[in-house]
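[1] Take a look and give me a structure for this.
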Amino acid sequence: MSEDSRRCTLGVDSQYVDLAAEVFTLLSDPTRIRIVLALRDGELSVNHLAELVRKSPTAVSQHLGKLRWGRMVSTRQEGNRVFYRLTDEHARNLVVEAVRQAEHALDEHSAHHRAGVEDAGA
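    Numbering: from 1, shown residues only. Predicted structure coming up:
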């Protein structure tokens, strides 16, 4: 993708600014960030997510409910099991970029630059 096609055309008066702030509020919890990172490669059950993020299934279900409310995750039911997945790539890209920004805050030569990774989607 060329740099020109990725240039943001949104203005400061965009109707989406307030909603974007709500997205950041929704992602301001470390457990939700971990859930998004865990789901970036595909769908998982609540119990599997709970193991990965080291939280109880009940706590993970509550976080998933908020992410679902924000339309960041969607579900698929198989029998009595529910599987969660990211609705689209935007939440994944946003979280990956936020984590990379955090890397820069702590390390001038961040791991993703040392590895030669420049684009979101890792």
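
[2] Residue 55 is in what secondary structure piece?
    For residue 55, there is no host helix or strand (DSSP states H and E).

[3] Can I get the longest helix seen in the chain as PDB, trimmed to CA atoms?
    Longest helix of the chain, by residue count under DSSP state H: helix 89-106. Output in PDB follows, covering the C-alpha atoms of helix 89-106 (Å, rounded to 0.1, in the frame of the first residue of the first chain):
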ATOM      1  CA  GLU A  89      -8.800  -5.800  11.400                       C
ATOM      2  CA  HIS A  90      -9.200  -2.300  12.900                       C
ATOM      3  CA  ALA A  91      -9.200  -3.200  16.600                       C
ATOM      4  CA  ARG A  92      -6.200  -5.500  16.000                       C
ATOM      5  CA  ASN A  93      -4.300  -2.800  14.100                       C
ATOM      6  CA  LEU A  94      -5.100  -0.100  16.700                       C
ATOM      7  CA  VAL A  95      -3.900  -2.300  19.600                       C
ATOM      8  CA  VAL A  96      -0.800  -3.400  17.800                       C
ATOM      9  CA  GLU A  97       0.100   0.200  17.000                       C
ATOM     10  CA  ALA A  98      -0.600   1.200  20.600                       C
ATOM     11  CA  VAL A  99       1.700  -1.500  21.900                       C
ATOM     12  CA  ARG A 100       4.400  -0.500  19.400                       C
ATOM     13  CA  GLN A 101       4.000   3.100  20.600                       C
ATOM     14  CA  ALA A 102       4.500   1.900  24.100                       C
ATOM     15  CA  GLU A 103       7.700   0.100  23.000                       C
ATOM     16  CA  HIS A 104       9.000   3.400  21.600                       C
ATOM     17  CA  ALA A 105       8.300   5.100  25.000                       C
ATOM     18  CA  LEU A 106      10.600   2.500  26.700                       C
END
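
[4] What's the mean pLDDT across that helix?
    Averaging pLDDT along helix 89-106 yields 91.
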